[in-house]
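1. pasting a predicted model and its sequence here:
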Amino acid sequence: MKENIKFSWKSFHELSNDEIYEILHLRQEVFVVEQNCPYLDADYCDQDAFHLIGRESNKLVAYMRAFGPKLKYVGSSLGRVVIKKEYRNKSLGKRLTNMGVAFLNDKFPNCEVVISAQYRLKDFYKKLGFTIRGKKYLEDEIDHIQMYI
């Protein structure tokens, strides 16, 4: 069965209450419960972010947030890249990340895109063109590395 996923970008203020709830639910489902990492996901950064929402049959299945320069890092940045479990290993993460990079390159030309990648995913991001800068570090008790494109 081929997925028919529709993507849309929204600012925080364009999100409905139900959409915000769905986003927080998916992020907690994966980052807090599945990865067994108790941390405060609602970090008050969502208000400054652009949100990429992927839906199939009106169900949220993919999400990421993007920031302009100097909000989280010197460059623009992507974060909270998340795919619902049953939609993984179908190139959706690649598609989502490429859409995020293209969006930021269009909106903020000549500005690097930064990610704080989970270290176990560094090879995935390398294949998309990201390069490592710096050393591995702990973020919410999970190894991360800064990567740039």
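-> Perfect, thanks for sending it.
2. mind listing the strands for this structure?
-> Using DSSP state E, the strands of the chain run over residues 6-11, 50-56, 59-67, 76-83, 113-118, 131-139, 142-148.
3. any low-confidence regions in the protein?
-> Scanning the chain for pLDDT under 70 picks out the ranges 1-3.
4. residues in contact with the spatially most central residue of it?
-> In the chain, the C-alpha nearest the mean C-alpha coordinate belongs to Val81, at 2.4 Å (Cα atoms, centre = their mean). By Cβ atoms under 8 Å, 6 or more residues apart in numbering, the contact list for Val81 reads Tyr63, Met64, Gly93, Leu96, Thr97, Gly100, Ile115. (Each C-beta comes from the backbone N, C-alpha and C, glycine too.)
5. who's in contact with the second one?
-> For Met64, the contact set (Cβ under 8 Å, 6+ apart) comprises His51, Leu52, Leu78, Gly79, Arg80, Val81, Val82, Leu96, Thr97, Gly100.
6. what sits closest to the last one if chain neighbours are left out?
-> Sequence neighbours aside, Leu78 is the residue nearest to Gly100 in space, at 4.5 Å (criterion: Cβ to Cβ, 6 or more residues apart in numbering).
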